[in-house]
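coords please:
(one chain, ligands or ions: 1)
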Amino acid sequence: MPGQVLDKDFLWGFATASYQIEGAPEEDGRGPSIWDKFCKIPGKIADASSGDVACDSYHRTAEDIALLKATGARAYRFSISWSRVIPLGGRNDPVNQKGLDFYVKFVDDLLAEGITPMVTLFHWDLPEELDARYGGLLNKEEWVQDYANYARVLFKAMPKVKYWVTFNEPWCSSILGYSTGLFAPGHTSDRTKSPIGDSSTEPWLVGHNFLIAHGTAVKIYREEFKPTDKGQIGITLNGDGVYPWDPEDPLDVAAAERKLEFSIAWFADPIYHGHYPASMKAQLGSRLPEFTPAEIALVQGSNDFYGMNHYTANYITHKTTEPEPNDFLGNLTTGFIAKNGDNIGPETQSFWLRPNPQGFHDLLLWISRRYNFPTIYCTENGTSVKGENDLPLEKILDDEFRAEYFRGYITALAQAVEDGADIKGYMAWSLMDNFEWAEGYETRFGSTFVDYEGGQKRYLKKSAKVVGPTFEKFIKKE
Ligand code: PNW
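Next comes the predicted model:
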């Protein structure tokens, strides 16, 4: 058991994202995002739902803050809807003052309650107009400038924000949005799913553009705002833990490393080391864009902190065949059962998620070693519960499975700090049940139950009161 190893002011709290909780898609001048459009395509969302109402948080900021208070949270990570602030999205399009004021007031309200805001500029909800106008994330020249303008509008309006996340999980936007087509805008080579898309090239172009846009926004923040506002800025990357399926097989050991390179190092190597991982260059060849000298000057060194989203782990098996053109994993397969029959963790409601706290500990140290011990904020971590949506309310509120997930993962985090990682914060996903993207509302991740049939009323689950006390065990008293 680790001791009291976390800083006195360790920033723990909960996270959400705009499209998943706000609702009110047409209120006060908000423009549509690519998710509004995507949800309207039949078959894309499991329960044919959308974020039209979600948790109704646009009208319930006071309730959201009351929930945070009830958990004792020190911080809240939320994201801003670009199309609320600039409805058409572009640098020459008008700013919507009402949309901007909503977030400025929300930050003030959080601070008044002693809760530190951590703001994500982009959590997947690109203004639809930018996709229609010039191909959105695929258009480096236009999109990077529009993102830079949007970021500057927010930096200027919200000097009280001290933690900025430029992008949430560019891996998901690039791969799920442009390779498998599971997420908006749904591009894929699979013509049964989409009339447009090239899974062999587009995800790598989009990933590259994310890095340039991130570096550009960070330069703006550092030059124009950081000297006076004194905040921190970084990108949030997702990554699952890995174990070789057969630890005795060097090819599986190498494949496990490659899996981390294709998910995490794709973005983190350019930021910390100034180039893409060799394994990606070798497999993707000219499909992986090259950085111009000006681009890499923007990207390298552009993180004040490393934002880490983490949920699960996999056993990794190498493939013996040549990589397929649409492969994005690194020529390997992932699974939950090891060669010796071990199961990585219990099932959840999410097909991709099984709890394995050791994988979190090991990955924190992998990131720490590879990137010379950066300051890490864990910006998301949490779980769904198998069958939760079908349980009666009192059983849903007694979410021991999720509570145990948090105990295990928070203990693993403290152990990683004891072992040398520099971790300064942790946001549990999620403050409340919300729109779980392609899975709709059937999959719940909240530490609060949201009654979608009963007027969006919220009820704290057990796990909401487990995160804080678990951290207290590991936080220094002075
Ligand atoms: C994260 N996967 O997404 C997101 O940042 C959240 O918005 C989301 O609600 C949360 O995790 C829970 O899903 C992911 O398929 C979505 O591997 C899917 C995957 C990973 C992360």
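
Up against the ligand, what does the stretch 351-478 of the chain have?
With the criterion set to CB under 6 Å from any ligand atom, the stretch 351-478 of the chain comes near the ligand through Trp352, Glu380, Trp429, Glu436, Phe445. Heads up, the C-betas are built off the backbone N, CA and C, glycines and all.

ok, the first one - contacts?
Counting by CB atoms under 8 Å, 6 or more residues apart in numbering, Trp352 touches Tyr311, Thr312.

Could you do the last one as well?
With contacts taken as CB under 8 Å, 6+ apart, Phe445 has the following neighbours: Gly382, Thr383, Ser384, Trp429, Ser430, Asp433, Asn434, Glu436.

Check the closest residue to it other than its chain neighbours and give its pLDDT.
Leaving aside its chain neighbours, Phe445 sits nearest to Ser430 (4.6 Å; criterion: CB to CB, 6 or more residues apart in numbering). Looking at Ser430, its pLDDT reads 98.

check contacts around Ser430.
Neighbouring residues of Ser430 by CB under 8 Å, 6+ apart: Phe14, Ala15, Thr16, Gln20, Glu380, Gly382, Phe445, Gly446, Ser447.

how about the residues of the chain that lie near the ligand?
Within the chain, the positions near the ligand by CB under 6 Å from any ligand atom are Ala17, Gln20, Asn168, Glu169, Cys172, Asn238, Asn309, Trp352, Glu380, Trp429, Glu436, Phe445.

What subset of these is buried?
Buried members of these, scored by 16 or more other CB atoms under 10 Å, are Ala17, Gln20, Asn168, Glu169, Cys172, Asn238, Asn309, Glu380, Trp429, Glu436, Phe445.

Among the residues of the stretch 351-478 of the chain next to the ligand, which ones are in strands?
Glu380, Trp429 (DSSP state E).

could the residues of the stretch 351-478 of the chain next to the ligand go into TSV alongside distance to Leu130?
Formatted as TSV, those follow (distance: CB to CB, whole Å):
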residue	distance to Leu130
Trp352	29
Glu380	25
Trp429	27
Glu436	25
Phe445	28
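
ok, the residues of the stretch 351-478 of the chain next to the ligand vs the ligand, which is closest?
Comparing those against the ligand with CB to the nearest ligand atom picks out Trp352 as the nearest, at 4.2 Å.

so where do the helices sit in the stretch 1-150 of the chain?
Using DSSP state H, counting those that start in this stretch, the helices found in the stretch 1-150 of the chain span residues 18-21, 34-39, 61-71, 82-85, 97-112, 128-134, 140-157.

Can you say which two of the contacts of Ser430 are spatially most distant?
Gln20 and Ser447 (14.3 Å; CB to CB).

was I right about Pro25 contacting Asp52?
Yes: assessed by CB atoms under 8 Å, Pro25 is found in contact with Asp52 at 5.7 Å.

from what I can see Tyr58 touches Glu22, true?
Yes: using CB under 8 Å, Tyr58 makes contact with Glu22 at a distance of 4.5 Å.

got the contact list for Asn372?
By CB under 8 Å, 6+ apart, the residues touching Asn372 are Tyr272.

Begin at 535 from now on, thanks
Sure, I'll start numbering at 535, so the last one becomes Asn906.

Need the per-residue pLDDT for it.
For Asn906, the model assigns a pLDDT of 98.

what's the helix or strand for it?
For Asn906, there is no enclosing helix or strand under DSSP states H and E.

give me phi/psi at it?
phi 60, psi 50 (degrees, to the nearest 10).

which ones are touching whichever residue of the stretch 535-684 of the chain sits closest to the ligand?
Relative to the ligand, the nearest point of the stretch 535-684 of the chain is Ala551 (4.9 Å; CB to the nearest ligand atom). By CB under 8 Å, 6+ apart, the contact set of Ala551 is Phe612, Ser613, Thr654, His657, Trp658, Asp659, Asn702, Asn968.
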